[in-house]
Structures are given as structure tokens and as C-alpha cells.
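Asker: need a structure here:
(one chain, ligands or ions: 1)
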Amino acid sequence: MEKIIIVGGSVLRGKVRPSGSKNSALPIMAASLLSTEPIILHHVPRLVDIETMAQVMDVLGAKVEWTGDHDLRIDPVGLSSYEAPYDLVRRMRASIYVLGPLVARLKKAKVSLPGGCSFGPRPVDLHLKGIEALGGKVSLEHGYIMVNADELVGAKMNLAGASGPSRGASSNVMMAASLAEGVTVINGAAQEPELVQLQEFINSMGGKVSGAGSDKLTVEGVSQLKGSEFEIMDDYIEAGTYLVAGAMAGEMVAVEGDFSANLKPVLASLEETGARLEVGEGKVTVHGNPRPTAVNITTAPYPGFPTDMQAQMMAYLCRGRGSSVIRDTIYPDRFNHAQELLRLGADIVREDGSAIINGVEELSGAYLMASDLRASAALILAGLVARGETHVRRIYHIDRGYERIEEKLGQLGAEIRRVEEE
Ligand code: UD1
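Answerer: Numbers count the residues shown, from 1 in each chain. Prediction:
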């Protein structure tokens, strides 16, 4: 197993570019199954999660191959199996994105239930509600979601759940409805940029989807979708992570790419901490602000503060002036990183659904264990400003969502390396 070692204290400067968005590429790969012709995707990040999705698609009979560093060719012509097995789905929850396309193309699906994750339960009731509304007969058997449909017929539905809308459910139903008979209206839809990209992609194949970016999606079913060539957007969460790194340990760090419109609440919180930002054409530059003013953050569905940026902001606020409160309304238990940050000397008190971060003057390097993707990023960021060496173990989590993070931070001047654990 590998770990990452960071020697804290280097000053970061220069520029860095985010890769393509993982969370946009995953549903778009799955949506390629809706087509009867090959698909070419550009700006696809080289990540373990992308490989896992490629394996899922391979099992289903589609051919996925890299044709360039970040270019994927997907040939869905051989789609024949309708089963996404447990062994693959348990590795990545986003495998459930194949459910909608399978039901649309084969009128049948058997997809393993993904289960929870290290930061709490992650139900799929809204996915199933949407597929049922379109006419799918859904049952749960032996840990699998089974769907049979004679035909899919457009329907009006509300997919807002108790903790807000679901990106995954809205996407799955958008995909299934794109080949259904008639018009589907999804109220209470998730509004993330990933949904906008998915809509653009389906429309590029000849689909008729509108409303993405708002809470109401309208999908006019078509009889067939064709081949397309499509560019994945920049990863705004990865970009945000490098901006936080720049605020924590930078002099002047420019994060290039087209992401600032998707990251407004994070930019606003960074400014509230006193970090100076310059938002320009195709890049955001951040000036270092190692002792941030305390701020309060509450995560919320898009366009609110993303839960996927909460851990990184916590790492930053550990050296804040005063006490900050972070509340996660989407995943109230997503605070595994807090107990590891304590090992660096942070002062964090956990409460129900929230964490109080009392700023300390300095952190000191220690051995840490990563528990999930964004927690790993947070621990690496904290290591950048902790005195001495920080060793972050179980680093396989980071490779699910950050492409070459040690190279990108190294390029900015961080002293960071990946080593085999002895
Ligand atoms: C996506 C992101 C993930 C991010 C999360 C929340 C991808 C691949 N993953 O996950 O990085 O942390 O959004 O922004 O894009 N819910 C239900 N019933 C359901 C589905 C969801 O109650 O059927 C709840 C969830 O428990 C959660 C909320 O709805 O509280 C949002 O979940 P959802 O948007 O579905 O997250 P994912 O798409 O799984």
C-alpha cells in the first residue's frame, strides 16, 4: 500500500490546472450506453473511479478504451448484459448510474445495491421512485435492485427527498426518460453543473432534455440516440481544493480553468476568511492567508456550499483566528477527517451534524489515516502547513478523485512524495 509524505512549511506559488470532472464524467460514461453508436469523450480524468466505471461497462458488453491521455472511446454496440455485479458496485457507488441506461435500452436491469459509505447511509429510494414512475417494476432481491419494464412511459414526478434533491437520482431518471415514450417532468431535481453537462451530452446524441440547472427537468423521449463527441468540464471541486491549498500555504497560486461560476459559495467563504482572490478570465488567483478569520459554513445542495469541499475548508480553518462552525446538512456524519486533524494538534469539537473548529496557532506533523476521498485531500492540505512530516496512509482513496495530486502540489512548490509503505 502507498502513502503520501508531506514536509510542511513550503510556500506554494505558480499555476495549476484541474483535470476533467470525475462527477461529470461518470454519469456521462454511463449515458453513453443509451446510444447505439460510438461516443468519444475528451478531458476525462485518469482516476481509479473512471477505471471502475469502464469495468462496469465492460461487463455489460460495451467497449471502453483510452485513445489519448484523456480521451475515451466508448462503443456501446455490444451492450447485452443487464447485470452490474456486487463486486464492482461495492467499489464505487456511482456504478448505480448504469441503472437508468440499462432500463432504457434493455427494459431490464439487475444492479447491486451500493450500500452505505464511511460517512453514513446513502439510500437509493429516489432512484427507484423515479424508475417506477416511468413504469419500471422494481424489486429488491438478494442485495440487488431488479427492474423489469414492458415499456417506459414519460411521467410527472417529484424527486426531492428529505435531505434535498439527489444528483444521482435526477441523473438516472433523466437518462431513462430520454428513451421513454412521451414527456417526463422531474420536479425537485438536483441543480448541479453535472446535471447541465449530462443534459448537454444527451442532447448532443439527439436527445431532448431541458431545464437542467433549475429544479425542474423536462425530458421528451426519443426513439434512438446516436454517436457524439463531447468535452467533460473542469473539476470544480479539484479546483476548489487547490484554491484552499493556495490560501493556506501559498504566496500567489493561480488555478486555471473554467470553474469559477460553479464554485461561488466556496469563493465567497474564502473571501470571508480574508483570503484575497482575483477572479479572471479562465483562472482564479488566490493570495496566501495562513491565519484565516473564523467563518461558519453550512453545506447545502447546489447552489449552496458543496459537502465535497467541507473537509478541505476544515483543514484551513484549523489555524483560524477564532472559532468556526461547519455544519453538513447533506451528510451529517461526514466528519471522519476531524479526528485525524486532532492528531496534528487541531482543536475540533464534534456535535450532532456539525464540528466546531477552534483555531490554533500551529499544527505539527503526524501519522494520519485517510478515510474517504475528500478527507484524504483535507489531510494532505493540513500536512502542507503542519510543522515537520505528515504521513497520510490509505491513500488509495485520493486516487479515486484526484489525478496526480502529489505532482500538482509538487509543481507549486510543496515538498510531497508518494512512497510504498514499509
Ligand atoms: C453526489 C456526488 C458526491 C457528493 C454528493 C452530494 C457523484 C458521483 N457523487 O453523490 O461526491 O458528495 O453528490 O453532493 O456525483 N438521497 C436519498 N435518497 C436517494 C438518493 C440520495 O435520500 O435515493 C440523499 C443522500 O443520502 C444525500 C442527498 O440525498 O443526503 C444527496 O445525495 P445525492 O445527490 O444522491 O448524492 P450522490 O449522487 O450519491
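Asker: Helices of the stretch 151-300 of the chain, residue ranges please.
Answerer: 167-177, 193-204, 236-249, 264-272 (DSSP state H, counting those that start in this stretch).
Asker: Now render these as a markdown table, adding distance to Tyr367.
Answerer: In this view, the C-beta of every residue, glycine as well, is placed from N, C-alpha and C. Converted to a markdown table, the helices of the stretch 151-300 of the chain look like this (distance: least, CB to CB, whole Å):
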| stretch | distance to Tyr367 |
| --- | --- |
| helix 167-177 | 34 |
| helix 193-204 | 35 |
| helix 236-249 | 20 |
| helix 264-272 | 29 |
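Asker: closest to the ligand out of these?
Answerer: Judged by CB to the nearest ligand atom, the one of the helices of the stretch 151-300 of the chain that comes nearest to the ligand is helix 167-177, at 3.0 Å.
Asker: ok so, going back, mean pLDDT and distance to the ligand for the helices of the stretch 151-300 of the chain - can I get that in a markdown table?
Answerer: A markdown table is the format used below for the helices of the stretch 151-300 of the chain (pLDDT from 0 to 100; distance: least, CB to the nearest ligand atom, whole Å):
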| stretch | mean pLDDT | distance to the ligand |
| --- | --- | --- |
| helix 167-177 | 98 | 3 |
| helix 193-204 | 98 | 6 |
| helix 236-249 | 98 | 8 |
| helix 264-272 | 98 | 12 |
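Asker: show me where the stretch 1-150 of the chain has strands.
Answerer: For the stretch 1-150 of the chain, the strands defined by DSSP state E, counting those that start in this stretch occupy 2-7, 12-16, 39-42, 63-68, 71-75, 83-84, 108-112, 137-141, 144-148.
Asker: Distance to Thr307 for those - can I get that in TSV?
Answerer: Shown next, in TSV, are the strands of the stretch 1-150 of the chain (distance: least, CB to CB, whole Å):
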stretch	distance to Thr307
strand 2-7	23
strand 12-16	23
strand 39-42	26
strand 63-68	29
strand 71-75	27
strand 83-84	25
strand 108-112	24
strand 137-141	27
strand 144-148	24
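Asker: Of all those, which one is nearest the ligand?
Answerer: strand 144-148 (11.0 Å).
Asker: strands paired with the closest one, and their directions?
Answerer: Within its sheet, strand 144-148 is paired with strand 108-112 (antiparallel), strand 137-141 (antiparallel), according to DSSP bridges.
Asker: Redo the helices of the stretch 151-300 of the chain as a markdown table? Include distance to Leu368 and mean neighbour count.
Answerer: Below are these laid out as a markdown table (distance: least, CB to CB, whole Å; neighbours: other CB atoms under 10 Å):
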| stretch | distance to Leu368 | mean neighbour count |
| --- | --- | --- |
| helix 167-177 | 29 | 28 |
| helix 193-204 | 30 | 22 |
| helix 236-249 | 16 | 28 |
| helix 264-272 | 23 | 19 |
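Asker: coming back round to it: can you redo the strands of the stretch 1-150 of the chain as CSV, where the extra columns are distance to Arg393, mean neighbour count and mean pLDDT?
Answerer: Shown next, in CSV, are those (distance: least, CB to CB, whole Å; neighbours: other CB atoms under 10 Å; pLDDT from 0 to 100):
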stretch, distance to Arg393, mean neighbour count, mean pLDDT
strand 2-7, 5, 20, 97
strand 12-16, 23, 18, 98
strand 39-42, 33, 20, 98
strand 63-68, 29, 14, 98
strand 71-75, 31, 19, 98
strand 83-84, 30, 21, 96
strand 108-112, 28, 21, 96
strand 137-141, 36, 11, 95
strand 144-148, 34, 20, 96
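Asker: how about those strands in JSON lines, adding distance to the ligand?
Answerer: Listed next are these as JSON lines, based on distance: least, CB to the nearest ligand atom, whole Å:
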{"stretch": "strand 2-7", "distance to the ligand": "21"}
{"stretch": "strand 12-16", "distance to the ligand": "21"}
{"stretch": "strand 39-42", "distance to the ligand": "16"}
{"stretch": "strand 63-68", "distance to the ligand": "17"}
{"stretch": "strand 71-75", "distance to the ligand": "17"}
{"stretch": "strand 83-84", "distance to the ligand": "15"}
{"stretch": "strand 108-112", "distance to the ligand": "13"}
{"stretch": "strand 137-141", "distance to the ligand": "12"}
{"stretch": "strand 144-148", "distance to the ligand": "11"}
